[in-house]
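Asker: Fold the following and give me the result.
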Amino acid sequence: MSAKYVKILFGFCFFTSSWQAYAHPDGENMAICIYHDTKYTCDCAYSNEPIELPIMDGNVFHVSIANCNNVVIVSNFLVNTYGLRSISFTNLRNLTLQQSALSFPQLLSSTRLIIDFNNVTIKEIQSHAFNGNIDEITFTSTQIDLIRPFAFTAFRDKAYFIKFIDTVFKLVEPQAFKKFSVTKLEITDSLFINPLPTRTFYDVEVVENLSIGNTTFNGAFSRAFSFSAVSMLAFTHNQVEKFEGECFEIKIRDSVAVRNNTFTQIHPAIFREIEVTPDSMQRSEKPEFRLIENIIHQTGDPVPIYISGNFQLVLGKLYFSTIVNCDQIRKISNLAFFKSHEDFIYLRFSENGNYLTYNQMLNIECKHSSNWLYVAIGVSCLLLLAVIVAGIVFYFVRKKQKNKLDIIMPEPKTYRETQIILQIENAGLLKTDM
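Answerer: Residues are numbered from 1 along each chain as shown. Here you go, the predicted structure:
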């Protein structure tokens, strides 16, 4: 179907009130499109032929595109329409959104556009595909193979919400979500197959809730989540593989809840760049940072989690699944994070062992171990001292015995000869005196 042919039919349909239907002229690439009462529906009937929908024009309230196996939405697809309120994509495979495909300038409608994707496989979302006077974007049961930089950007004023529900992301390029404001941003029951690059989200403001839940991340680089302002952050029930560096760079107005997550190989500074907005610092009470019921699978020594001092940290049951020993426990005993929350940090000594609080490990289990160590050292010292004393005594006894041997009487023969000589001399003297 040529763009010219479809455009002529669009113009005809928009000025009639009766049902109209048309298809590709060759009859093979069957894309049946119907217009009635300001609603436009295009059904590809699961044709395997590539279908490129041309630029629309005229007065239309709703557009529905369904049951296509290979469809392209061209650049500026909506710019010649007026009165458009919503557009839906249902049961599509290999959908490509070209650059500025769903750009919706404010002058096209006094109302804001609602966009819905349901059971769709999107081959590529090109740059600036979503921008302008958009109110809501929802992805449900959708797979997105590639999101280019600036794919979501420059919404007029602020969008009401963007939702990803049961969505699989294959590859997201840096700054895919850049420089826009939205009231609510939600990612639920989803999967990121590849690690998120730095500044996946960049200079994004969430006026109310940023909610990320029950989602699997296969990695993220430093500052992957960079938000200029968020009122409330909820990061709950997620599976996280290797978040590097200061993964979250967010200014918070009200509160943070990080709850029931499983982290593998996280950096101690993962949350350090979550800070309080300047206006929130003026309040009498600090905003809460709730870190509750999380599990950390970390090789090596347990690591402290650094949280900005501008928050009131509420810590509840932080589990380190790493197998530790008393040397490691004593090694981390000087870290303020462990000392300040010793009754809420749980560790274990063996793979099948029960979790114990850090306090129990340090002051009971490892203290007993230390006592036995001190006893063993004391006994060893006593034994060594006894050996030394015995050696000294033995030395002096041997020396004394040696001195006694030096004053032994002469041999009998020598003694008798000397005695004879003396007797003769004495006898001679006696004769002389006579």
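Asker: When you work out contacts or count neighbours from here on, use the C-alpha atoms and nothing else.
Answerer: OK.
Asker: what's the spacing between residue 140 and residue 186?
Answerer: 12 Å (Cα to Cα, to the nearest Å).
Asker: gap between the two ends of stretch 101-112?
Answerer: One end of stretch 101-112 to the other measures 16 Å (Cα to Cα).
Asker: For the host helix or strand of residue 65, enumerate the helices and strands it packs against.
Answerer: Assessed by DSSP states H and E, residue 65 sits inside strand 62-68. Counting contacts by 3 or more Cα pairs under 8 Å, 6 or more residues apart in numbering; DSSP states H and E, strand 62-68 packs against strand 39-43, strand 86-97.
Asker: ok and it relative to strand 86-97, angle-wise?
Answerer: 40 degrees (axes from the mean of the first three to the mean of the last three Cα atoms, to 10 degrees).
Asker: Tell me the gap between strand 62-68 and the middle of its chain.
Answerer: Here strand 62-68 is found 37 Å from its chain centre; the criterion is Cα atoms, centre = their mean, to the nearest Å.
Asker: Residue 391 sits in which helix or strand?
Answerer: Using DSSP H and E, residue 391 falls in helix 366-405.
Asker: For the following helix or strand past the strand holding residue 65, enumerate the helices and strands it packs against.
Answerer: Under the assignment DSSP H and E, the closest C-terminal helix or strand after strand 62-68 is strand 71-73. Applying 3+ Cα pairs under 8 Å, 6+ apart, we find strand 71-73 packed against strand 51-53, strand 86-97.
Asker: show me where the stretch 101-250 of the chain has strands.
Answerer: Here the stretch 101-250 of the chain has its strands, by DSSP state E, counting those that start in this stretch, at 102-104, 113-125, 130-132, 134-147, 152-155, 159-172, 177-188, 191-192, 201-213, 216-217, 225-236, 239-241, 248-259.
Asker: So what's the residue count around residue 364?
Answerer: 12 (other Cα atoms under 10 Å).
Asker: Just confirm it is within a helix.
Answerer: Yes. Assessed by DSSP: H, G, I helix; E, B strand; the rest coil, residue 364 belongs to a helix.
Asker: So for it, what's the pLDDT?
Answerer: pLDDT recorded at residue 364 is 86.
Asker: From residue 347, how far off is it?
Answerer: Distance from residue 364 to residue 347, by Cα to Cα: 14 Å.
Asker: now do residue 111
Answerer: In terms of Cα to Cα, residue 111 sits 55 Å off from residue 347.
Asker: related to what we said a few turns ago, need the helices and strands packed on strand 71-73 in a markdown table (columns: distance to residue 155).
Answerer: Listed next are the helices and strands packed on strand 71-73 as a markdown table, based on distance: least, Cα to Cα, whole Å:
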| stretch | distance to residue 155 |
| --- | --- |
| strand 51-53 | 24 |
| strand 86-97 | 16 |
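Asker: just those strands: most buried one?
Answerer: strand 86-97 (a mean of 21; mean count of other Cα atoms under 10 Å).
Asker: Show me the strands paired with that strand, marking each as parallel or antiparallel.
Answerer: Within its sheet, strand 86-97 is paired with strand 62-68 (parallel), strand 71-73 (parallel), strand 113-125 (parallel), according to DSSP bridges.
Asker: can you tell which of these is closest to residue 274?
Answerer: Within the strands paired with strand 86-97, the stretch nearest residue 274 is strand 113-125; the backing value is 29.4 Å (Cα to Cα).
Asker: tilt between the closest one and strand 134-147?
Answerer: 10 degrees.
Asker: Other residues contacting strand 113-125?
Answerer: By Cα atoms under 8 Å, 6 or more residues apart in numbering, the residues outside strand 113-125 that reach it are 84-99, 104, 133-148, 151.
Asker: Stretch 58-70 too?
Answerer: With Cα under 8 Å, 6+ apart as the test, stretch 58-70 has contacts from 10-11, 14, 38-51, 80-95.
Asker: Show me how far that stretch is from its chain's centre.
Answerer: 38 Å.
Asker: before we move on, the earlier item: how about the strands of the stretch 101-250 of the chain in TSV, adding mean pLDDT and mean neighbour count?
Answerer: As requested, the strands of the stretch 101-250 of the chain are exported to TSV (pLDDT from 0 to 100; neighbours: other Cα atoms under 10 Å):
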stretch	mean pLDDT	mean neighbour count
strand 102-104	90	25
strand 113-125	97	21
strand 130-132	92	24
strand 134-147	97	21
strand 152-155	92	23
strand 159-172	97	20
strand 177-188	97	21
strand 191-192	98	20
strand 201-213	97	21
strand 216-217	98	20
strand 225-236	97	22
strand 239-241	95	19
strand 248-259	97	22
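Asker: how much space between the closest residue in space to residue 275 that isn't next to it in sequence and residue 311?
Answerer: Excluding its sequence neighbours, the residue lying closest to residue 275 (Cα to Cα, 6 or more residues apart in numbering) is residue 251, at 5.0 Å. Going from residue 251 to residue 311 by Cα to Cα gives 12 Å.
Asker: Need the overlap of contacts for the two.
Answerer: Contacts common to residue 251 and residue 311, judged by Cα under 8 Å, 6+ apart, are 275, 276.
Asker: mind listing what's buried in the strand holding residue 65?
Answerer: Of the residues in strand 62-68, 62, 63, 64, 65, 66, 67, 68 count as buried by neighbour count, 16 or more other Cα atoms under 10 Å.
Asker: And the last one, how far from residue 142?
Answerer: So that's residue 68. For residue 68, the distance to residue 142 - Cα to Cα - is 14 Å.
Asker: do the fifth one as well
Answerer: According to Cα to Cα, residue 66 and residue 142 sit 14 Å apart.
Asker: Kindly report the same for the fourth one.
Answerer: Remark: distance between residue 65 and residue 142 (Cα to Cα) = 15 Å.
Asker: now do residue 223
Answerer: 26 Å.
Asker: so how far is stretch 348-355 from its chain's centroid?
Answerer: Between the centre of stretch 348-355 and the centre of its host chain there is 24 Å, according to Cα atoms, centre = their mean.
Asker: avg pLDDT for it?
Answerer: Stretch 348-355 comes out at a mean pLDDT of 86.
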